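A.B. asks: Any chance you can model this:
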Amino acid sequence: MANPNMCNSKIERTLVVFKPDAVQRGIVGEILTRFERVGLKIVGTKMLAPDREHYYTHYEEIGKMVTRRGNKAFNVTLDFMTQGPVIAMVFEGVEAVSLVRKLVGGTEPKSSAPGTIRGDYSHISFSYADDQDKAIPNLIHASGDVDEARKEISHWFGTAELYEYKSASERFCQ
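C.D. replies: Numbering: from 1, shown residues only. So this is what the prediction gives:
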């Protein structure tokens, strides 16, 4: 029997960007499986190579990265993100934003818990990246909160690129 609370819970959408290091290492599918296994539904996906202006909007106008981390971190991040294509996805599910954040782990791979994506697939520390004047190759960007997710999704995807459909588990809620 379907869980009645599942059908009434708060459904959210969140943005996940598989960064150039995830694409270049060929582990996008392996990581994607983790999101699908917990029941998140893909409602939008595309591969693209955004320019610095696109990333400026994403990281500063929406994410306020310069304010939080400074110009140096911002510039090395933009340099890193423009090194290759990324895969952007929108996931939908019950409390999707916090669920994705939990699966991804902390921003610094070195301190991310084992079992999280960053804890299992990356290991670089902030201090190492700072010493090398490089961005942290931490595989994924994940929206920080529901408001940020809404803004990021509209920045990365047009309405016609997002899909409404019932997943197999949602059909039990009817």
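A.B. asks: Am I right that residue 67 sits in a strand?
C.D. replies: No - looking at residue 67 with DSSP: H, G, I helix; E, B strand; the rest coil, it is helix, so not inside a strand.
A.B. asks: start the count at 51, not 1, going forward
C.D. replies: Sounds good: first residue 51 from here, last item residue 117.
A.B. asks: gap between it and residue 123?
C.D. replies: 11 Å (CB to CB, to the nearest Å). C-betas here are computed from N, CA, C, even on glycine.
A.B. asks: Likewise for residue 105?
C.D. replies: Applying CB to CB to residue 105 and residue 123 gives a distance of 13 Å.
A.B. asks: what about residue 117 and residue 123, which has more around it?
C.D. replies: Applying other CB atoms under 10 Å to residue 117 and residue 123 shows that residue 123 carries more neighbours, namely 18 against 9.
A.B. asks: who does the host helix or strand of the more buried one touch, helix- and strand-wise?
C.D. replies: Assigned by DSSP states H and E, residue 123 belongs to helix 121-131. Counting contacts by 3 or more CB pairs under 8 Å, 6 or more residues apart in numbering; DSSP states H and E, helix 121-131 is packed against helix 102-106, helix 115-119.
A.B. asks: tell me the mean pLDDT for that helix?
C.D. replies: Helix 121-131 comes out with an average pLDDT of 91.
A.B. asks: Name the residues that touch it?
C.D. replies: Around helix 121-131, the neighbours that count as contacts under CB atoms under 8 Å, 6 or more residues apart in numbering are 69-70, 100, 102, 105-106, 109-110, 115-116, 179, 183-185, 187.
A.B. asks: Mind jotting down where the helices sit in the chain?
C.D. replies: 54-58, 70-75, 78-87, 102-106, 115-119, 121-131, 146-154, 167-171, 176-181, 196-206 (DSSP state H).
A.B. asks: how about those, which one is nearest residue 94?
C.D. replies: Closest approach to residue 94 among these (CB to CB): helix 196-206, 7.7 Å.
A.B. asks: If you count contacts, what does that closest one end up packed against?
C.D. replies: Partner elements for helix 196-206 (3+ CB pairs under 8 Å, 6+ apart): strand 61-68, strand 136-144, helix 146-154.
A.B. asks: so how far is it off the chain centroid?
C.D. replies: Distance, stretch centre to chain centre, for helix 196-206: 11 Å (CA atoms, centre = their mean, to the nearest Å).
A.B. asks: coming back round to it: for the helices and strands packed on helix 196-206, which one sits closest to residue 85?
C.D. replies: From these, taking CB to CB, the stretch that ends up closest is strand 136-144, at 5.8 Å.
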